[in-house]
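Visitor: what follows is a protein structure lacking sequence information:
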């Protein structure tokens, strides 16, 4: 509960900061709607020539697009701005202000920067998921819904751990932002089913840059395509990456020289 209250405090501060620039809301809504229109236009073109794409029906692909927007919204809302702030603090030697606080430093640097208006993508994603669930309602059950939530949570942990480890590279690499740009570019592939890509790219999007666990795997669980073994594997991978992320963070701190060093 203590850490939830801390996250709420940072969220409130982020809201206050964003309200100073309310014009950003208009820009973000336009940008998000433009991205949504482009994505839906792509789906319309595809399904004007075929009834399915890689075995995925239109409603399933709409749900996949919803998951893509939801996860992307969370990334842009808190993960990306917090990680960018972390890298700036390491370079400038101001990470000390987080390290001296009476709370876990990794948690603090992970939630201390919110960009409120980027949550528009999250709302759009939830809306798309709602429409997809309406169309898929007859084929869904409690087991599929539970598997979806578990897979989505595991995918979120995997994405956070991956971002955190990449950001922690800034303890050794000066310009780690360039590596994050690669992830942002590859994340675009998550709006399409993993099955349409060649085998080498499917492997890369699953194990090298874990985009598939953030988008395709949760939707596969919701549509009943994901086996229990694969779901268990996603959970195990999430736990392993979270542990590695923690170890990587602690090792990185040993190489940090701040303003007070």
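Guide: Great, that's in hand. Computed from a predicted structure; not experimentally measured.
Visitor: could you list the buried residues of stretch 92-100?
Guide: Going by neighbour count (16 or more other CB atoms under 10 Å), the buried part of stretch 92-100 is 95, 98. To be clear about C-beta, it is placed using only N, CA and C from the backbone, and glycine gets the same treatment.
Visitor: now swap in stretch 211-229 and tell me
Guide: Of the residues in stretch 211-229, 211-223, 225-226 count as buried by neighbour count, 16+ other CB under 10 Å.
Visitor: residue 69: which of these is nearest?
Guide: Using CB to CB, residue 215 comes nearest to residue 69 of these, at 9.6 Å.
Visitor: leaving out chain neighbours, which residue sits closest to that closest one?
Guide: Leaving out its chain neighbours, the residue that sits closest to residue 215 by CB to CB, 6 or more residues apart in numbering is residue 190, at 3.7 Å.
Visitor: kindly report the same for residue 106.
Guide: Of all residues not flanking residue 106 in the chain, residue 249 sits nearest, at 5.1 Å (CB to CB, 6+ apart).
Visitor: output the lowest mean pLDDT helix or strand found in this protein.
Guide: Least confident helix or strand, the chain: helix 177-187 with a mean of 76, by mean pLDDT, DSSP states H and E.
Visitor: what's the first helix or strand after that one?
Guide: Using DSSP states H and E, the helix or strand that follows helix 177-187 towards the C-terminus is helix 199-203.
Visitor: that following helix - what's its average pLDDT?
Guide: Averaged across helix 199-203, the pLDDT comes to 85.
Visitor: now do the buried residues in it.
Guide: Buried residues in helix 199-203 (16+ other CB under 10 Å): residue 202.
Visitor: check stretch 16-33 too.
Guide: 18, 28, 32.
Visitor: residue 64 is in contact with residue 56, correct?
Guide: Yes - using CB atoms under 8 Å, residue 56 makes contact with residue 64 at a distance of 7.2 Å.
Visitor: who's more crowded, the two?
Guide: residue 64 (28 against 22; other CB atoms under 10 Å).
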